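> Here's a sequence, model it:
(chains A, B and C)
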Amino acid sequence: MTPDDVAWVVAGAAGVDIDLVRLAADGTEVSRVRVPTGEFAGRVQAARGTRVRWVWSDTAHWYPRLLAEGVRVERCRDLRLCHAILRDSALVADAAPIRSAREWDVDATTVPAPEAPALFALATDAAASGPPHDAASALAEFARQRAAAASAGGNGRLDLLCAAESAGALVAAEMRAAGLPWDVAVHERILEDALGARPAGGGPPERMAILAAEIRGLLGDPQASLDSPPKLVRSLHRIGVPARTTAKWELGQYEHPVIAPLLEYKRLARLLSANGWAWLDEWVHEGRFRPVYIPAGVVTGRWASSGGGALQIPRLLRAAVRADPGWTFVVADVAQLEPRVLAGMSGDTALARAARGHDLYSGIVDSGAVATRAEAKVAMLGAMYGATTGESGRLVPRLRRAYPRAMRLVDDAARVGEEGDVVSTWLGRTSPRASERWLRAQRVAAGETGSAVDRDQARRAAGDRGRFTRNFIVQGTAAEWALAWLGEVRVRLDALPPVPAEEAAPRSGAALGDRPHLAFFLHDELIVHTPARHADAAAQIVRDCAASAGRLLFGDFPIDFPLDLKVTTMADKA
DNA sequence: GGAACTAGCGCG
DNA sequence: AAAGCGCGCTAGTTCC
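Below is the predicted model of the structure:
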């Protein structure tokens, strides 16, 4: 914390009074009050603008109830999320105290989703699946975390990461509260265009039924099952298509009249089951899709989501994302985030030069390392994922020659992982340790009693782990860049003036519906929902924050993060 | 009849 | 039989 920081530690179980403990910048307790839950939101609102940081057990536990009352907070520290970072970080010199606080080891995915704040509080406390929420526990954990961070190397990088992670948790709660504007009529039109009319009394939609009849005719079996892979494989064998699986990449390799309609049927079946009318009924209410975002739900620090498949919305349906009347979107994504981050981490000026301007892959071609953009892309992905065979594996050595620093960084990360050690992202998030099972397999293979099968399995497991750690440092650092971007966008949008009540978007909620706010985030892309009059300002903020995120992580190193950005009322991809 | 698993495919 | 990372979700299948 900076010296002028004031922290209020918030604590209390659901349904009882809430303790507010004021701390000085050095962590000593200044004062303490106990307030009824009904006064909590008012207290928080009153503290806006005082540079307070709210320290609490779990943003998903505390923040939804504030948002429901129309109250935003400027900054917080999410003890649950920061605990996980500091507990595992290789930068922390003395991790023993924080590791001993096992009650804070709460897997993000076990935190229940808030249907409504009241229900959520009940669910959490009844199931006792969250971290402790009382004042003594929170104060002790905060002290442990400050000590752990103070013992860490890395010039404050972990402090930066904890701040960014906590800001992300605020964004996640706010985006759920605001929701993503979703036009049900447009979605239904897309479904009908693709699938045909919605069946009145069950059964498949019209176009799927016609396709199914055609396919069954070609299979020579009016009863053929198209939805069961084993049965479909047997049906295909009977007409001379020797497919082993029903995966589309394999089916696509056979020449037979049944293949084309079958692939089309599978595409439609997927759309129907994943995002059909049932999805719409379940997940879109009052013009908003409100998924549950799970910050750091992925080991690398990326977010996960729960319910509604928020991070897998098919491109086809993006046309259903429509701004409210008088509002618009700023849709922005970063071009080639991961290789840019790799250039920054490794200090590879040659790769940074290739990245300058806009298209990094074209820049690689211009440098002469490979001949085409497609080659540059597959080679770079192969380098970051650990490809060893095929076209990708063949091209990676060309990148090694052209960008030795960058390639050495990922190659070293892979070697460390193969040896069973951990790797860390730029800001210090550290990969999980090798499992006991993995270590045992390596010991057995290395020992005199190990069989050829043991050795083969161990080598494969080592390779798998090496590809994981290779990718971890890049994917994880990209996630950190994105958090920095997101967090700064949030703060700066919040500083824009609110619009008059008659121009507000009430469906986005009392806390956020009167001003530009984040509405969606997906790894390297965000959508801001904004009153039209603030669209240009919001777009500039999104651009400026990409630049400042780059500086926050990589200082003066000359790597830029260009955006594909557009201002539009329909958020199909930028 | 339900839990646990797999196949397949959507997203980055 | 995906080559090469990270996910979530649905339907079908297998096992208890």
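> Residues of the stretch 201-350 of chain A that sit close to DNA strand C?
Counting by CB under 7 Å from any atom of the strand, the stretch 201-350 of chain A comes close to DNA strand C at A:225, A:227-231, A:244-245, A:247, A:249-250, A:273-274, A:279, A:294, A:297-300, A:302, A:304-309, A:311-312. Placement of C-beta: from N, CA and C, glycine included.
> Okay, and which of these map to strands?
A:294, A:304, A:305, A:306 (DSSP state E).
> so which of those residues is the most crowded?
Among those, residue A:294 has the most neighbours (other CB atoms under 10 Å), with 22 neighbours.
> State the number of residues packed around residue A:19.
Neighbour count for residue A:19, taken as other CB under 10 Å: 20.
> So which bits of stretch A:316-324 are buried?
A:316, A:317, A:318, A:320, A:321, A:322, A:323, A:324 (16 or more other CB atoms under 10 Å).
> Please report how far the third one lies from residue A:503.
From residue A:318 across to residue A:503, the span is 25 Å (CB to CB, to the nearest Å).
> out of the buried residues of stretch A:316-324, who's nearest DNA strand B?
Nearest to DNA strand B out of those is residue A:316 (CB to the nearest atom of the strand; 6.8 Å).
> pLDDT score assigned to that closest one?
Here, the pLDDT recorded for residue A:316 equals 95.
> thought it was touching residue A:191?
No - judged on CB atoms under 8 Å, residue A:316 makes no contact with residue A:191 at a distance of 9.7 Å.
> Phi first, then psi, for residue A:510.
Backbone torsions for residue A:510, taken as degrees, to the nearest 10, come to phi -70, psi -30.
> same question, the one 10 residues further on
When read as degrees, to the nearest 10, the backbone of residue A:520 gives phi -160, psi 150.
> show me what contacts the residue of the stretch 251-400 of chain A found nearest DNA strand C?
Of all residues in the stretch 251-400 of chain A, residue A:387 sits closest to DNA strand C, at 3.1 Å by CB to the nearest atom of the strand. Neighbouring residues of residue A:387 by CB atoms under 8 Å, 6 or more residues apart in numbering: A:381, A:393, A:396.
> Of those, which is the nearest to residue A:179?
residue A:381 (33.4 Å; CB to CB).
> measure that closest one to DNA strand B for me?
9 Å (CB to the nearest atom of the strand, to the nearest Å).
> So what's the residue count around that residue?
Per other CB under 10 Å, the neighbour tally for residue A:381 reads 15.
> Same check on residue A:483?
Residue A:483 has 28 neighbours, counted by other CB under 10 Å.
> Tell me which helix or strand it sits in.
Taking DSSP states H and E as the criterion, the element that holds residue A:483 is helix A:452-494.
> what's the answer for residue A:400, then?
Going by DSSP H and E, residue A:400 is in helix A:390-402.
> That helix near DNA strand B at all?
No - judged by CB under 7 Å from any atom of the strand, helix A:390-402 stays clear of DNA strand B, getting no closer than 13.6 Å.
> got the contact list for that helix?
With contact meaning CB under 8 Å, 6+ apart, helix A:390-402 is reached by A:350, A:364, A:367-370, A:375, A:378-383, A:387, A:406-407, A:411.
> at 6 Å instead, please
The contact list for helix A:390-402, computed with CB atoms under 6 Å, 6 or more residues apart in numbering, reads A:369, A:370, A:375, A:378, A:379, A:382, A:383, A:387, A:407.
> For the residues you listed, give me CSV that also has pLDDT.
As requested, those are exported to CSV (pLDDT from 0 to 100):
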residue, pLDDT
A:369, 95
A:370, 96
A:375, 96
A:378, 96
A:379, 97
A:382, 96
A:383, 97
A:387, 95
A:407, 98
